[in-house]
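> What shape does this take:
(chains A and B)
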Amino acid sequence: MPQTSAAETGTGATEDTAFEIAVSTRNISKNFGEVEALNDLSLEFPLGQLTSLLGPSGCGKTTLLKIIAGLLEPTSGEVEVNGQRVTGPGPDRAFVFQDFALLPWASVIRNVAFGLELRGVARSEREAVAESYIKQVGLAGFENAYPHELSGGMRQRVGLARALAVDAEVLLMDEPFSAVDEQTRRKFQEDLLELVQDQKKTFIFVTHSIEEAVYVSDQVAILLPRPSRVSEIIRPSSFRGKGVDNIRRDPEYLDIVDEIWASLRRYVE
Amino acid sequence: MMNRSLTLKILSAVILFGAWEIAGHIPVSFAFPTFLESMGALMRMMGDGTMLDAYAETLRPLAVGIAISAFLGIALGIWVGLSRFFDWLFSPIFIVMQAAPLAALIPLLVLAYGIGLTSKVLVVCIMAMPVIVLNTAGAVRNTPDSIKEMGRSYLATDLDVILKIIIPAASPVIFAGLRLGISAGFIGAILAELKITPTGVGDIITYSRSIADYPSMYAAIFSIILLAVLFLNLLERIEAVLFKGNQRGYASD
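Okay, here's the model as predicted:
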(Lines give C-alpha, C1' and ligand atoms only; values in the text may rest on other atoms or scores of the structure.)
Protein backbone atom coordinates (compact mmCIF):
# COMPACT_ATOMS: atom_id res chain seq x y z
CA MET A 1 0.00 0.00 0.00
CA PRO A 2 1.16 3.53 -0.62
CA GLN A 3 2.32 5.52 2.29
CA THR A 4 -0.41 8.07 2.49
CA SER A 5 -0.29 10.91 4.90
CA ALA A 6 -3.45 12.88 5.24
CA ALA A 7 -1.99 16.14 6.38
CA GLU A 8 -4.04 18.46 8.51
CA THR A 9 -5.22 21.48 6.60
CA GLY A 10 -2.86 24.36 6.99
CA THR A 11 0.27 22.65 8.18
CA GLY A 12 0.78 20.14 5.41
CA ALA A 13 3.75 18.61 7.21
CA THR A 14 4.88 15.27 5.88
CA GLU A 15 5.14 12.47 8.40
CA ASP A 16 8.38 11.46 6.79
CA THR A 17 11.14 13.85 7.71
CA ALA A 18 14.04 11.70 6.58
CA PHE A 19 14.49 13.72 3.40
CA GLU A 20 16.57 16.81 3.05
CA ILE A 21 14.23 19.63 2.11
CA ALA A 22 15.17 21.79 -0.88
CA VAL A 23 12.15 24.06 -1.08
CA SER A 24 9.62 24.85 1.57
CA THR A 25 6.59 27.07 1.48
CA ARG A 26 5.18 28.28 4.76
CA ASN A 27 1.68 29.59 5.37
CA ILE A 28 1.35 30.97 1.86
CA SER A 29 -1.76 33.02 1.15
CA LYS A 30 -2.44 34.78 -2.09
CA ASN A 31 -5.39 36.98 -2.96
CA PHE A 32 -6.16 38.42 -6.36
CA GLY A 33 -8.38 41.30 -5.32
CA GLU A 34 -11.38 39.64 -3.72
CA VAL A 35 -10.52 36.19 -4.96
CA GLU A 36 -8.61 33.98 -2.59
CA ALA A 37 -6.31 31.77 -4.65
CA LEU A 38 -4.27 30.24 -1.84
CA ASN A 39 -5.00 30.16 1.85
CA ASP A 40 -2.35 29.37 4.46
CA LEU A 41 -0.68 26.68 2.42
CA SER A 42 2.46 24.94 3.64
CA LEU A 43 4.35 22.30 1.73
CA GLU A 44 7.85 20.87 1.60
CA PHE A 45 9.75 19.63 -1.41
CA PRO A 46 12.48 17.04 -0.83
CA LEU A 47 15.89 17.54 -2.44
CA GLY A 48 16.57 15.63 -5.62
CA GLN A 49 13.01 14.39 -5.99
CA LEU A 50 10.09 15.22 -8.18
CA THR A 51 7.01 16.57 -6.44
CA SER A 52 3.80 17.03 -8.38
CA LEU A 53 1.17 19.58 -7.57
CA LEU A 54 -2.05 17.99 -8.67
CA GLY A 55 -5.54 19.34 -8.43
CA PRO A 56 -8.64 20.44 -10.28
CA SER A 57 -8.43 23.69 -12.22
CA GLY A 58 -8.74 26.71 -10.00
CA CYS A 59 -6.99 25.11 -7.03
CA GLY A 60 -4.07 27.52 -7.27
CA LYS A 61 -1.34 25.09 -8.26
CA THR A 62 0.12 27.34 -10.96
CA THR A 63 -0.16 30.30 -8.58
CA LEU A 64 1.86 28.37 -5.99
CA LEU A 65 4.48 27.50 -8.60
CA LYS A 66 4.80 31.13 -9.69
CA ILE A 67 5.15 32.20 -6.07
CA ILE A 68 7.99 29.69 -5.63
CA ALA A 69 9.52 31.05 -8.85
CA GLY A 70 9.36 34.56 -7.43
CA LEU A 71 7.16 35.73 -10.31
CA LEU A 72 4.25 36.41 -7.98
CA GLU A 73 4.48 37.78 -4.51
CA PRO A 74 2.46 35.99 -1.84
CA THR A 75 0.02 38.12 0.13
CA SER A 76 1.47 36.50 3.23
CA GLY A 77 3.76 33.64 4.09
CA GLU A 78 7.21 32.80 2.81
CA VAL A 79 9.12 30.54 0.49
CA GLU A 80 12.59 29.19 1.23
CA VAL A 81 14.91 27.61 -1.30
CA ASN A 82 17.95 25.92 0.26
CA GLY A 83 17.32 27.90 3.40
CA GLN A 84 17.29 31.22 1.55
CA ARG A 85 14.15 33.27 1.60
CA VAL A 86 12.72 33.96 -1.85
CA THR A 87 12.15 37.61 -2.71
CA GLY A 88 12.05 37.33 -6.49
CA PRO A 89 13.34 35.19 -9.34
CA GLY A 90 16.76 33.74 -8.60
CA PRO A 91 19.57 31.75 -10.21
CA ASP A 92 18.65 28.73 -8.07
CA ARG A 93 15.37 28.20 -9.91
CA ALA A 94 14.52 27.68 -13.59
CA PHE A 95 11.05 27.66 -15.09
CA VAL A 96 9.55 25.55 -17.87
CA PHE A 97 6.42 27.13 -19.28
CA GLN A 98 3.18 25.54 -20.38
CA ASP A 99 3.14 27.51 -23.65
CA PHE A 100 6.94 27.11 -24.06
CA ALA A 101 7.51 30.90 -24.00
CA LEU A 102 10.18 30.78 -26.69
CA LEU A 103 11.37 33.88 -28.48
CA PRO A 104 10.02 33.47 -32.01
CA TRP A 105 12.68 35.69 -33.56
CA ALA A 106 15.55 33.78 -31.99
CA SER A 107 17.10 30.53 -33.18
CA VAL A 108 17.00 27.40 -31.03
CA ILE A 109 20.52 27.98 -29.79
CA ARG A 110 19.83 31.56 -28.80
CA ASN A 111 16.63 30.52 -27.04
CA VAL A 112 18.45 27.82 -25.09
CA ALA A 113 21.28 30.21 -24.23
CA PHE A 114 18.89 33.05 -23.34
CA GLY A 115 19.07 32.48 -19.58
CA LEU A 116 22.86 32.59 -19.76
CA GLU A 117 22.76 35.62 -22.06
CA LEU A 118 20.77 37.48 -19.41
CA ARG A 119 23.38 36.47 -16.85
CA GLY A 120 26.11 38.05 -18.96
CA VAL A 121 27.89 34.84 -19.96
CA ALA A 122 30.12 35.40 -23.00
CA ARG A 123 28.67 34.32 -26.31
CA SER A 124 31.07 31.50 -27.19
CA GLU A 125 30.82 30.07 -23.70
CA ARG A 126 27.03 30.15 -23.49
CA GLU A 127 26.64 28.70 -26.96
CA ALA A 128 28.90 25.81 -26.04
CA VAL A 129 26.75 25.12 -22.98
CA ALA A 130 23.55 25.50 -24.99
CA GLU A 131 24.83 23.12 -27.65
CA SER A 132 25.47 20.36 -25.16
CA TYR A 133 21.97 20.68 -23.69
CA ILE A 134 20.39 20.82 -27.14
CA LYS A 135 22.12 17.51 -27.79
CA GLN A 136 20.94 16.14 -24.47
CA VAL A 137 17.27 16.86 -25.18
CA GLY A 138 17.63 15.28 -28.62
CA LEU A 139 17.56 18.35 -30.82
CA ALA A 140 21.07 18.12 -32.28
CA GLY A 141 21.05 19.52 -35.80
CA PHE A 142 18.29 22.04 -35.03
CA GLU A 143 20.55 24.65 -33.41
CA ASN A 144 19.84 27.24 -36.09
CA ALA A 145 16.18 26.44 -36.65
CA TYR A 146 13.51 28.90 -35.54
CA PRO A 147 10.69 27.92 -33.16
CA HIS A 148 8.02 28.11 -35.88
CA GLU A 149 9.87 25.41 -37.77
CA LEU A 150 9.58 22.95 -34.87
CA SER A 151 6.72 20.75 -33.69
CA GLY A 152 5.10 21.37 -30.30
CA GLY A 153 7.10 18.60 -28.68
CA MET A 154 10.37 19.94 -30.06
CA ARG A 155 9.52 23.42 -28.85
CA GLN A 156 9.06 22.14 -25.34
CA ARG A 157 12.41 20.35 -25.59
CA VAL A 158 13.89 23.77 -26.34
CA GLY A 159 12.12 25.13 -23.25
CA LEU A 160 13.51 22.28 -21.19
CA ALA A 161 17.05 22.75 -22.55
CA ARG A 162 16.84 26.44 -21.67
CA ALA A 163 15.91 25.55 -18.10
CA LEU A 164 18.69 22.98 -17.82
CA ALA A 165 21.27 25.32 -19.34
CA VAL A 166 21.20 27.74 -16.41
CA ASP A 167 22.02 24.84 -14.09
CA ALA A 168 19.55 25.77 -11.37
CA GLU A 169 19.04 23.44 -8.40
CA VAL A 170 15.27 23.60 -8.68
CA LEU A 171 13.28 23.07 -11.87
CA LEU A 172 9.76 24.47 -11.86
CA MET A 173 7.54 22.96 -14.53
CA ASP A 174 4.12 24.42 -15.21
CA GLU A 175 2.05 21.79 -17.02
CA PRO A 176 4.97 21.37 -19.40
CA PHE A 177 3.47 18.52 -21.40
CA SER A 178 -0.13 19.65 -21.64
CA ALA A 179 0.33 21.36 -25.00
CA VAL A 180 1.99 18.40 -26.73
CA ASP A 181 0.34 15.37 -28.24
CA GLU A 182 -0.27 12.16 -26.30
CA GLN A 183 2.54 10.08 -27.79
CA THR A 184 5.10 12.85 -27.37
CA ARG A 185 3.85 13.31 -23.83
CA ARG A 186 4.53 9.67 -22.97
CA LYS A 187 8.03 9.96 -24.32
CA PHE A 188 8.53 13.15 -22.33
CA GLN A 189 7.36 11.45 -19.16
CA GLU A 190 9.83 8.62 -19.63
CA ASP A 191 12.62 11.09 -20.37
CA LEU A 192 11.67 13.09 -17.31
CA LEU A 193 12.12 10.05 -15.06
CA GLU A 194 15.60 9.61 -16.46
CA LEU A 195 16.32 13.28 -16.00
CA VAL A 196 15.30 13.20 -12.33
CA GLN A 197 17.67 10.28 -11.82
CA ASP A 198 20.62 11.76 -13.70
CA GLN A 199 20.43 15.37 -12.62
CA LYS A 200 20.61 15.89 -8.91
CA LYS A 201 17.92 18.50 -9.11
CA THR A 202 14.65 19.13 -7.33
CA PHE A 203 11.65 19.13 -9.64
CA ILE A 204 8.33 20.78 -8.90
CA PHE A 205 5.81 19.73 -11.47
CA VAL A 206 2.32 21.12 -11.95
CA THR A 207 -0.13 18.94 -13.80
CA HIS A 208 -3.82 18.25 -14.07
CA SER A 209 -3.31 14.70 -15.26
CA ILE A 210 -3.63 12.14 -12.46
CA GLU A 211 -1.84 9.42 -14.45
CA GLU A 212 0.99 11.76 -15.33
CA ALA A 213 1.43 12.86 -11.72
CA VAL A 214 1.55 9.32 -10.38
CA TYR A 215 3.79 8.17 -13.21
CA VAL A 216 6.53 10.75 -12.83
CA SER A 217 6.43 11.71 -9.15
CA ASP A 218 8.29 10.71 -6.06
CA GLN A 219 5.65 12.63 -4.16
CA VAL A 220 2.22 13.85 -5.24
CA ALA A 221 0.66 16.77 -3.37
CA ILE A 222 -3.05 16.97 -3.95
CA LEU A 223 -4.44 20.48 -3.80
CA LEU A 224 -8.11 21.15 -3.36
CA PRO A 225 -9.91 24.41 -4.09
CA ARG A 226 -12.22 26.62 -2.06
CA PRO A 227 -10.36 27.20 0.17
CA SER A 228 -7.12 26.07 -1.43
CA ARG A 229 -5.29 23.58 0.70
CA VAL A 230 -3.07 20.54 0.55
CA SER A 231 -5.45 17.70 1.19
CA GLU A 232 -3.09 14.80 0.86
CA ILE A 233 0.50 13.88 0.12
CA ILE A 234 1.03 10.56 -1.55
CA ARG A 235 4.40 8.87 -1.92
CA PRO A 236 4.30 5.97 -4.36
CA SER A 237 6.81 3.48 -2.99
CA SER A 238 6.99 0.22 -4.85
CA PHE A 239 6.99 0.73 -8.60
CA ARG A 240 9.66 3.39 -9.05
CA GLY A 241 12.49 0.91 -9.52
CA LYS A 242 10.70 -1.48 -11.82
CA GLY A 243 11.49 0.27 -15.10
CA VAL A 244 9.44 2.65 -17.21
CA ASP A 245 7.67 -0.12 -19.09
CA ASN A 246 6.15 -1.71 -16.03
CA ILE A 247 4.84 1.30 -14.15
CA ARG A 248 1.52 1.63 -15.92
CA ARG A 249 0.41 -1.90 -15.07
CA ASP A 250 1.72 -1.96 -11.55
CA PRO A 251 -1.13 -2.56 -9.07
CA GLU A 252 0.05 0.20 -6.78
CA TYR A 253 0.11 2.68 -9.67
CA LEU A 254 -3.44 1.77 -10.61
CA ASP A 255 -4.63 1.92 -7.00
CA ILE A 256 -3.18 5.36 -6.44
CA VAL A 257 -4.69 6.70 -9.68
CA ASP A 258 -8.10 5.41 -8.61
CA GLU A 259 -7.77 6.70 -5.12
CA ILE A 260 -6.85 10.19 -6.30
CA TRP A 261 -9.72 10.27 -8.75
CA ALA A 262 -12.09 9.24 -5.97
CA SER A 263 -11.01 12.19 -3.87
CA LEU A 264 -11.01 14.69 -6.74
CA ARG A 265 -14.23 13.62 -8.43
CA ARG A 266 -16.55 15.78 -6.41
CA TYR A 267 -14.57 18.94 -7.22
CA VAL A 268 -15.00 18.51 -10.95
CA GLU A 269 -18.27 19.81 -12.23
CA MET B 1 14.97 31.75 -65.25
CA MET B 2 13.63 34.66 -63.28
CA ASN B 3 11.93 33.94 -60.01
CA ARG B 4 8.18 34.06 -59.79
CA SER B 5 7.91 37.12 -57.58
CA LEU B 6 10.07 39.23 -59.90
CA THR B 7 8.14 38.03 -62.96
CA LEU B 8 4.86 39.02 -61.31
CA LYS B 9 6.23 42.44 -60.35
CA ILE B 10 7.35 43.13 -63.92
CA LEU B 11 4.06 41.82 -65.30
CA SER B 12 1.96 44.07 -63.07
CA ALA B 13 4.16 47.07 -63.97
CA VAL B 14 3.70 46.33 -67.68
CA ILE B 15 -0.08 46.08 -67.29
CA LEU B 16 -0.27 49.30 -65.27
CA PHE B 17 1.95 51.32 -67.62
CA GLY B 18 0.20 49.82 -70.66
CA ALA B 19 -3.16 50.95 -69.32
CA TRP B 20 -1.69 54.38 -68.62
CA GLU B 21 -0.35 54.59 -72.19
CA ILE B 22 -3.73 53.60 -73.65
CA ALA B 23 -5.62 55.99 -71.37
CA GLY B 24 -3.31 58.80 -72.52
CA HIS B 25 -4.03 58.00 -76.16
CA ILE B 26 -7.84 57.92 -75.84
CA PRO B 27 -7.36 60.54 -74.16
CA VAL B 28 -9.29 60.47 -70.90
CA SER B 29 -8.51 64.16 -70.48
CA PHE B 30 -6.43 66.78 -72.28
CA ALA B 31 -4.56 67.14 -69.03
CA PHE B 32 -3.58 63.46 -69.00
CA PRO B 33 -0.38 62.62 -70.91
CA THR B 34 0.63 59.17 -72.11
CA PHE B 35 3.10 57.04 -70.19
CA LEU B 36 5.83 57.48 -72.81
CA GLU B 37 5.43 61.27 -72.94
CA SER B 38 5.72 61.37 -69.16
CA MET B 39 8.81 59.15 -69.19
CA GLY B 40 10.29 61.39 -71.89
CA ALA B 41 9.73 64.42 -69.68
CA LEU B 42 11.24 62.54 -66.75
CA MET B 43 14.37 61.70 -68.74
CA ARG B 44 14.68 65.28 -69.95
CA MET B 45 14.39 66.70 -66.45
CA MET B 46 16.87 64.17 -65.09
CA GLY B 47 19.23 65.01 -67.90
CA ASP B 48 19.21 68.78 -67.47
CA GLY B 49 19.50 68.63 -63.69
CA THR B 50 16.02 70.01 -62.91
CA MET B 51 15.07 66.82 -61.10
CA LEU B 52 18.29 66.70 -59.11
CA ASP B 53 17.84 70.28 -57.90
CA ALA B 54 14.21 69.63 -57.09
CA TYR B 55 14.99 66.57 -55.00
CA ALA B 56 17.82 68.34 -53.21
CA GLU B 57 15.12 70.73 -52.06
CA THR B 58 12.32 68.23 -51.37
CA LEU B 59 14.41 65.58 -49.63
CA ARG B 60 15.50 67.95 -46.90
CA PRO B 61 12.17 68.34 -45.07
CA LEU B 62 11.30 64.77 -46.02
CA ALA B 63 14.46 63.22 -44.60
CA VAL B 64 14.48 65.38 -41.48
CA GLY B 65 10.76 64.82 -40.90
CA ILE B 66 10.94 61.07 -41.39
CA ALA B 67 14.03 60.73 -39.22
CA ILE B 68 12.35 62.67 -36.42
CA SER B 69 9.09 60.78 -36.83
CA ALA B 70 10.78 57.39 -36.83
CA PHE B 71 13.08 57.90 -33.84
CA LEU B 72 10.86 60.09 -31.73
CA GLY B 73 7.76 58.17 -32.82
CA ILE B 74 9.15 54.77 -31.85
CA ALA B 75 10.62 56.07 -28.59
CA LEU B 76 7.37 57.78 -27.64
CA GLY B 77 5.37 54.76 -28.74
CA ILE B 78 7.39 52.43 -26.52
CA TRP B 79 6.95 54.81 -23.63
CA VAL B 80 3.22 55.17 -24.23
CA GLY B 81 2.90 51.40 -24.53
CA LEU B 82 4.73 50.75 -21.27
CA SER B 83 3.06 53.32 -19.08
CA ARG B 84 -0.60 53.89 -18.51
CA PHE B 85 0.14 57.47 -17.52
CA PHE B 86 1.92 58.33 -20.76
CA ASP B 87 -0.79 56.57 -22.68
CA TRP B 88 -3.28 58.89 -21.03
CA LEU B 89 -1.04 61.90 -21.64
CA PHE B 90 0.04 61.36 -25.26
CA SER B 91 -2.39 59.08 -27.05
CA PRO B 92 -5.15 61.68 -27.50
CA ILE B 93 -2.68 64.11 -29.11
CA PHE B 94 -1.70 61.58 -31.75
CA ILE B 95 -5.24 60.40 -32.34
CA VAL B 96 -6.30 64.02 -32.96
CA MET B 97 -3.21 64.55 -35.18
CA GLN B 98 -4.11 61.53 -37.24
CA ALA B 99 -7.71 62.57 -37.68
CA ALA B 100 -7.07 66.28 -38.31
CA PRO B 101 -7.55 67.63 -41.87
CA LEU B 102 -3.94 68.69 -42.29
CA ALA B 103 -4.37 70.82 -45.43
CA ALA B 104 -6.77 73.05 -43.53
CA LEU B 105 -4.31 73.44 -40.66
CA ILE B 106 -1.34 74.44 -42.79
CA PRO B 107 -2.16 78.18 -42.66
CA LEU B 108 -1.97 77.94 -38.87
CA LEU B 109 1.44 76.26 -39.05
CA VAL B 110 2.67 78.96 -41.43
CA LEU B 111 1.39 81.61 -39.07
CA ALA B 112 3.31 80.06 -36.20
CA TYR B 113 6.49 78.83 -37.88
CA GLY B 114 6.79 80.81 -41.10
CA ILE B 115 7.28 79.44 -44.60
CA GLY B 116 10.70 77.86 -44.08
CA LEU B 117 11.97 74.40 -43.41
CA THR B 118 10.38 74.19 -39.93
CA SER B 119 6.83 74.29 -41.22
CA LYS B 120 7.54 71.70 -43.90
CA VAL B 121 9.24 69.36 -41.47
CA LEU B 122 6.25 69.75 -39.16
CA VAL B 123 3.85 68.83 -41.94
CA VAL B 124 5.85 65.67 -42.65
CA CYS B 125 5.92 64.83 -38.93
CA ILE B 126 2.20 65.41 -38.46
CA MET B 127 1.53 63.06 -41.35
CA ALA B 128 4.05 60.38 -40.37
CA MET B 129 4.25 60.32 -36.61
CA PRO B 130 0.76 59.40 -35.31
CA VAL B 131 0.58 56.03 -37.00
CA ILE B 132 4.15 55.21 -35.92
CA VAL B 133 3.45 56.14 -32.29
CA LEU B 134 0.08 54.44 -32.10
CA ASN B 135 1.26 51.24 -33.81
CA THR B 136 4.35 51.02 -31.63
CA ALA B 137 2.35 51.63 -28.46
CA GLY B 138 -0.22 49.02 -29.39
CA ALA B 139 2.45 46.46 -30.22
CA VAL B 140 4.35 47.10 -27.00
CA ARG B 141 1.18 46.81 -24.96
CA ASN B 142 0.30 43.51 -26.63
CA THR B 143 3.62 41.74 -26.02
CA PRO B 144 2.65 38.25 -24.85
CA ASP B 145 2.81 38.09 -21.05
CA SER B 146 4.34 34.64 -21.08
CA ILE B 147 7.59 35.73 -22.75
CA LYS B 148 7.89 38.74 -20.46
CA GLU B 149 7.38 36.42 -17.51
CA MET B 150 9.95 34.05 -19.00
CA GLY B 151 12.43 36.92 -19.14
CA ARG B 152 11.85 37.83 -15.52
CA SER B 153 12.14 34.24 -14.36
CA TYR B 154 15.53 34.03 -16.08
CA LEU B 155 16.67 37.15 -14.23
CA ALA B 156 16.17 39.80 -16.91
CA THR B 157 16.35 43.37 -15.66
CA ASP B 158 13.58 45.77 -16.71
CA LEU B 159 15.90 47.12 -19.41
CA ASP B 160 16.63 43.58 -20.65
CA VAL B 161 12.91 42.91 -20.88
CA ILE B 162 12.40 46.06 -22.95
CA LEU B 163 15.41 45.60 -25.23
CA LYS B 164 15.50 41.84 -25.64
CA ILE B 165 11.84 40.90 -25.42
CA ILE B 166 9.36 43.75 -25.85
CA ILE B 167 11.03 45.56 -28.76
CA PRO B 168 11.81 42.46 -30.84
CA ALA B 169 8.32 41.10 -30.14
CA ALA B 170 6.75 44.40 -31.19
CA SER B 171 9.00 44.84 -34.21
CA PRO B 172 6.67 43.45 -36.92
CA VAL B 173 3.94 45.89 -35.94
CA ILE B 174 6.45 48.70 -35.39
CA PHE B 175 7.74 48.13 -38.92
CA ALA B 176 4.20 48.05 -40.28
CA GLY B 177 3.65 51.43 -38.59
CA LEU B 178 6.91 52.72 -40.03
CA ARG B 179 5.86 51.72 -43.53
CA LEU B 180 2.49 53.46 -43.18
CA GLY B 181 4.06 56.49 -41.48
CA ILE B 182 6.80 56.91 -44.06
CA SER B 183 4.39 56.73 -46.99
CA ALA B 184 2.26 59.35 -45.24
CA GLY B 185 5.45 61.38 -44.76
CA PHE B 186 6.05 61.39 -48.54
CA ILE B 187 2.53 62.71 -49.02
CA GLY B 188 3.22 65.32 -46.35
CA ALA B 189 6.42 66.50 -48.04
CA ILE B 190 4.64 67.11 -51.35
CA LEU B 191 1.61 68.61 -49.60
CA ALA B 192 3.89 71.08 -47.83
CA GLU B 193 5.47 72.10 -51.12
CA LEU B 194 2.09 72.58 -52.73
CA LYS B 195 0.49 74.45 -49.84
CA ILE B 196 3.29 76.42 -48.17
CA THR B 197 5.82 77.55 -50.76
CA PRO B 198 6.34 75.88 -54.12
CA THR B 199 9.82 74.42 -53.96
CA GLY B 200 11.44 71.24 -55.24
CA VAL B 201 9.16 68.56 -56.65
CA GLY B 202 6.07 70.50 -55.54
CA ASP B 203 7.33 73.42 -57.62
CA ILE B 204 7.71 71.24 -60.75
CA ILE B 205 4.13 70.01 -60.24
CA THR B 206 2.68 73.49 -59.69
CA TYR B 207 4.72 75.19 -62.42
CA SER B 208 4.17 72.51 -65.09
CA ARG B 209 0.47 72.58 -64.42
CA SER B 210 0.34 76.37 -64.77
CA ILE B 211 1.98 76.21 -68.21
CA ALA B 212 0.02 73.09 -69.21
CA ASP B 213 3.18 70.96 -69.44
CA TYR B 214 1.34 67.90 -68.20
CA PRO B 215 4.01 65.30 -69.06
CA SER B 216 6.42 67.07 -66.70
CA MET B 217 3.80 67.30 -64.01
CA TYR B 218 3.07 63.57 -64.17
CA ALA B 219 6.77 62.80 -64.41
CA ALA B 220 7.30 64.60 -61.09
CA ILE B 221 4.39 62.76 -59.46
CA PHE B 222 5.63 59.45 -60.84
CA SER B 223 9.15 60.07 -59.56
CA ILE B 224 8.02 60.71 -55.99
CA ILE B 225 5.87 57.58 -55.95
CA LEU B 226 8.77 55.56 -57.34
CA LEU B 227 11.05 56.92 -54.63
CA ALA B 228 8.53 56.04 -51.91
CA VAL B 229 8.14 52.49 -53.21
CA LEU B 230 11.89 51.98 -53.37
CA PHE B 231 12.31 53.31 -49.86
CA LEU B 232 9.60 51.05 -48.47
CA ASN B 233 11.23 48.06 -50.15
CA LEU B 234 14.50 48.97 -48.52
CA LEU B 235 12.75 49.12 -45.15
CA GLU B 236 11.33 45.65 -45.69
CA ARG B 237 14.83 44.34 -46.43
CA ILE B 238 16.14 45.90 -43.24
CA GLU B 239 13.40 44.25 -41.22
CA ALA B 240 14.07 40.87 -42.80
CA VAL B 241 17.75 41.09 -41.90
CA LEU B 242 17.16 42.30 -38.34
CA PHE B 243 14.41 39.90 -37.30
CA LYS B 244 14.68 36.72 -39.28
CA GLY B 245 12.42 34.50 -37.18
CA ASN B 246 9.57 37.00 -37.34
CA GLN B 247 8.93 36.27 -40.99
CA ARG B 248 6.84 33.23 -40.34
CA GLY B 249 4.69 34.10 -37.41
CA TYR B 250 4.92 33.15 -33.80
CA ALA B 251 6.00 30.00 -32.04
CA SER B 252 2.64 29.84 -30.32
CA ASP B 253 0.76 29.69 -33.62
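> for the stretch 1-150 of chain A, what spans make up the strands?
Taking DSSP state E, counting those that start in this stretch as the test, the strands found in the stretch 1-150 of chain A are A:3-5, A:21-32, A:35-46, A:50-54, A:76-81, A:84-85, A:93-96.
> out of the ones you listed, which comes closest to chain B?
For the strands of the stretch 1-150 of chain A, distance to chain B was read as CB to the nearest CB. The smallest value, 4.2 Å, belongs to strand A:93-96. Using the backbone N, CA and C atoms, a C-beta is placed for each residue, glycine as well.
> Identify all contacting residues around that closest one.
Residues lying outside strand A:93-96 but in contact with it, judged by CB atoms under 8 Å, 6 or more residues apart in numbering or on different chains, are A:68-71, A:81, A:115, A:156, A:159-160, A:162-164, A:166, A:168-174, A:176, B:150, B:153-154.
> repeat that with 6 Å
A:69, A:159-160, A:163, A:166, A:168, A:170-173, A:176, B:153 (CB atoms under 6 Å, 6 or more residues apart in numbering or on different chains).
> before we move on, what about stretch A:138-145?
Outside stretch A:138-145, the residues within contact range by CB under 6 Å, 6+ apart are A:107-109, A:134, A:157.
> rewinding a little: could the strands of the stretch 1-150 of chain A be laid out in CSV, adding mean neighbour count and mean pLDDT?
Formatted as CSV, these follow (neighbours: other CB atoms under 10 Å in any protein chain shown; pLDDT from 0 to 100):
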stretch, mean neighbour count, mean pLDDT
strand A:3-5, 13, 45
strand A:21-32, 19, 90
strand A:35-46, 21, 88
strand A:50-54, 25, 93
strand A:76-81, 18, 93
strand A:84-85, 10, 90
strand A:93-96, 26, 95
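> want to try CSV for those strands, with distance to A:Asp245 as columns?
Below are the strands of the stretch 1-150 of chain A laid out as CSV (distance: least, CB to CB, whole Å):
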stretch, distance to A:Asp245
strand A:3-5, 24
strand A:21-32, 29
strand A:35-46, 26
strand A:50-54, 19
strand A:76-81, 35
strand A:84-85, 40
strand A:93-96, 25
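> Quick one: neighbours of residue 136, just the number.
Just going to use chain A. The local packing count at A:Gln136 equals 18, with neighbours defined by other CB atoms under 10 Å in any protein chain shown.
> Hmm, no, I was thinking of chain B.
Number of residues near B:Thr136 (other CB under 10 Å) recorded here: 29.
> Next, the residue nearest the centre of chain B: phi, psi?
The residue at the geometric middle of chain B, judged as the C-alpha nearest the mean C-alpha position with CA atoms, centre = their mean, is B:Ile182 (1.6 Å). B:Ile182 has phi and psi values of phi -70, psi -40 when expressed as degrees, to the nearest 10.
> now swap in the one 5 residues further on and tell me
Summarising the backbone geometry of B:Ile187 under the convention degrees, to the nearest 10, its torsions are phi -60, psi -40.
> What's the per-residue pLDDT of it here?
What the model reports as pLDDT for B:Ile187 is 92.
> same check, this time on A:Glu15
Model confidence at A:Glu15, expressed as pLDDT, equals 48.
> need the helices for the stretch 1-150 of chain A, in chain order.
Secondary structure of the stretch 1-150 of chain A by DSSP state H, counting those that start in this stretch: the helices cover A:61-69, A:108-112, A:114-118, A:123-136.
> closest to chain B out of these?
Of all those, the one in closest proximity to chain B, counting by CB to the nearest CB, is helix A:114-118 (4.1 Å).
> Pull out the buried positions in that closest one.
Residues of helix A:114-118 classed as buried under the neighbour-count rule (16 or more other CB atoms under 10 Å in any protein chain shown) are A:114-118.
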